[in-house]
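Undergrad: Here is my input; please provide its structure:
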Amino acid sequence: MPIDIETFESSPEDRLQQSGETNADRVMQFLATHPDQAFTQSEIRDATGVKAGSISVVLSRLENRGLVRHKGNYWALGEADDVAAYTGMVESMRAANDRFGEENIEEWLEHAVDDEDTE
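TA: Down below sits the predicted model:
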């Protein structure tokens, strides 16, 4: 399904993936299967298929959310509480999508409030 150019220009790459799985999902799933190890960016990239130009941004965003830890050249799964909260949210979203269907961004945008209309 095509998207408008404004969405294309303003959306981060990981939000424009066709599959329901984002780059962040792939990284988190990989690290969650190896909770007792830390990996370099290139090892995570190779294991997940995330593009070289995206892996740094994905890892940085996950680190900002407390979902991964970074030390030197290595990255590891974040602390248990943060990861558990993330996992709970992901599972809730999957359950909602299974029950109600996935969101259609175009439909959502049709009903979204424009910031200029609220001033």
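Undergrad: and the helix or strand bottoming out on mean pLDDT in the chain, what does it pack onto?
TA: Every helix and strand of the chain was ranked by mean pLDDT, DSSP states H and E. The lowest is helix 80-100, at a mean of 73. Based on contacts counted as 3 or more CB pairs under 8 Å, 6 or more residues apart in numbering; DSSP states H and E, the elements that helix 80-100 packs against are helix 23-32. C-beta: built from backbone N, CA, C; applies to glycine.
Undergrad: For residue 113, see how far away the residue nearest the centre of the chain is.
TA: The structure's the chain has its C-alpha centroid closest to residue 24; by CA atoms, centre = their mean the separation is 3.3 Å. According to CB to CB, to the nearest Å, residue 24 stands 27 Å off from residue 113.
Undergrad: Could you do residue 78 as well?
TA: 33 Å.
Undergrad: More neighbours: those two, which one.
TA: Remark: of residue 78 and residue 113, residue 78 carries more neighbours, 21 against 7, as counted by other CB atoms under 10 Å.
Undergrad: For stretch 61-70, give me every contacting residue.
TA: Defining contact as CB atoms under 8 Å, 6 or more residues apart in numbering, one finds that stretch 61-70 is touched by 24, 27-28, 31, 38, 59, 75-79, 82-83, 86.
Undergrad: Name the member of the residues you listed with the most neighbours.
TA: That'd be residue 27 among the contacts of stretch 61-70, by other CB under 10 Å, with 27 neighbours.
Undergrad: list the contacts for it?
TA: Taking CB under 8 Å, 6+ apart, one finds 44, 48, 50, 55, 58, 59, 62, 68 in contact with residue 27.
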